[in-house]
Structure formats: C-alpha cells, structure tokens
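Asks: no letters, just coordinates:
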C-alpha cells in the first residue's frame, strides 16, 4: 500500500471513529433550546456562540468540529453554522419576503449556484406557516456549499429568516439537498417556533435516531 492510499485510509478511519452514534433513547441532552423573542430554536449542544454586531442577527452558532467530524467523507474541511435573523416592522407579506430572498439568494460573489432551488411549505410547531428554500453552490471552484433558509412572517409584521450553511469538498455528498446531514440540520431549522410553549421536539428525536451521515 503506497503512502497516498495509507493517508486516505487514515482519514476514513478518523472520520468513522468520531462519528457519534445515538441510542434509540434520544433525549434533549443532544440539543439546547435557545429562547428568541417569545419563541426560540433548538441548537446542537456545544455549538459555539458567535457574537455578531449586525442588528438583525439574533443568533449565530458555529458547529465546526463541535460534535461533527472536522473533515467530510472526501477529506475536506467541514464548516457548518446556524443563524436566526429578525426584521421588525416589515410591511411585506410572506410571499414578498420570499421573492426578495429568491432574487438574491447570496451576497457572496464567490458562490455560483448549481441545480434548482428547492421550495417547500411547512408549518412550525405553533401552527405558523413558513417557506423553506434550499440552494447548492460551488464556492471558489473547490468547495460545495448548501444553504437552507426558513422564512417566517409574524402577524405583528416581524419577519424571521432562519438559516444554516454546510460547506465541504466539491465532490462531497454531505453538503447536498437530501443528505443525512442536511436532514438532521433541517430538523433543527424546523424546531424554530414563535411561541416557546408550543416547542415540539418530535422531529428532532426522529432525526437523531436516524443519525447524521
């Protein structure tokens, strides 16, 4: 076995060793509920709180190396983050906010979208209608970026954009729509609610039981 093959084998072994396995008895010890306004969202335990000066950012958590492998299955660095943005006083309808996001899915000139945008209508655990957009990008020719945005509009005119990004190697299957890791992150995204008492962890439990990779 040459040195290159040995290196690939070591990377694969390291990834398999640090992949957590969850028992069927999943509890909320795997996540924490973070209050935001009158509601909140469940975020994975241990994710780093990133303080941002932007007035619209209510929450930013980074999961790089926090309960996740440092490398994806292709051996490239794995980056992941979850963001909650608040836009008070918005006079636009949910559909108008969605159209704004569709018109400009990213402000990063390094990203080039590949494939079609996936749009889904879901309902939060408190019954509020939300629209979820999923995008895939190639970043700087060598990286693949999955970005998913959940757009919510309150009756009091406040708009929320809850999103996550997942970045890996260009050929990696992890930062793609429908991957196990993306479905796990989708469950965290969908845990967002406008009324804390209506928080429901059922989808999270299911996502953790199915594991992440």
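Replies: Thanks, I have the structure now. Since the model is a prediction, treat every value here as computed from it, not as a measurement. Numbering: from 1, shown residues only.
Asks: for the residue positioned nearest the centre of the chain, phi and psi?
Replies: With distances taken as Cα atoms, centre = their mean, residue 164 lies nearest the centre of the chain, 3.0 Å away. Taking degrees, to the nearest 10, you get phi -140, psi 160 for the backbone angles of residue 164.
Asks: swap in residue 127?
Replies: Dihedral angles (degrees, to the nearest 10) for residue 127: phi 90, psi 0.
Asks: hang on, the earlier thing: partners of the residue nearest to the centre of the chain in the sheet?
Replies: Beta-bridge pairing of residue 164 under DSSP bridges involves residue 82, residue 148.
Asks: can you give me the pLDDT of it?
Replies: In this model, residue 164 is scored at 97, pLDDT.
Asks: swap in residue 139?
Replies: 88.
Asks: that one and residue 119: what is the separation?
Replies: 22 Å (Cβ to Cβ, to the nearest Å). For the C-beta atoms, the positions are set from N, CA and C on the backbone; glycine is no exception.
Asks: which one's more surrounded, the two?
Replies: residue 139 (19 against 11; other Cβ atoms under 10 Å).
Asks: ok, back up a step: OK, contacts around the residue nearest to the centre of the chain?
Replies: Residue 164 is in contact with 80-83, 147-148, 185, 188-189, counting by Cβ atoms under 8 Å, 6 or more residues apart in numbering.
Asks: what's the longest strand in the protein?
Replies: Determined from DSSP state E, the single longest strand within the chain is strand 111-123.
Asks: which secondary element of this structure has the worst mean pLDDT?
Replies: Here the helix or strand of the chain ranked lowest by mean pLDDT, DSSP states H and E is helix 3-18, holding a mean of 41.
Asks: after that one comes which helix or strand?
Replies: Following helix 3-18 in sequence order, the next helix or strand is strand 31-36 (DSSP states H and E).
Asks: show the backbone phi and psi for residue 64.
Replies: phi -60, psi 110.
Asks: can you pull the contacts of it?
Replies: Here residue 64 is in contact with 48, 70, 78-81 (Cβ under 8 Å, 6+ apart).
Asks: name the helix or strand for residue 136, please.
Replies: Counting by DSSP H and E, the element that carries residue 136 is strand 129-139.
Asks: and that strand with strand 111-123, angle?
Replies: 160 degrees (axes from the mean of the first three to the mean of the last three Cα atoms, to 10 degrees).
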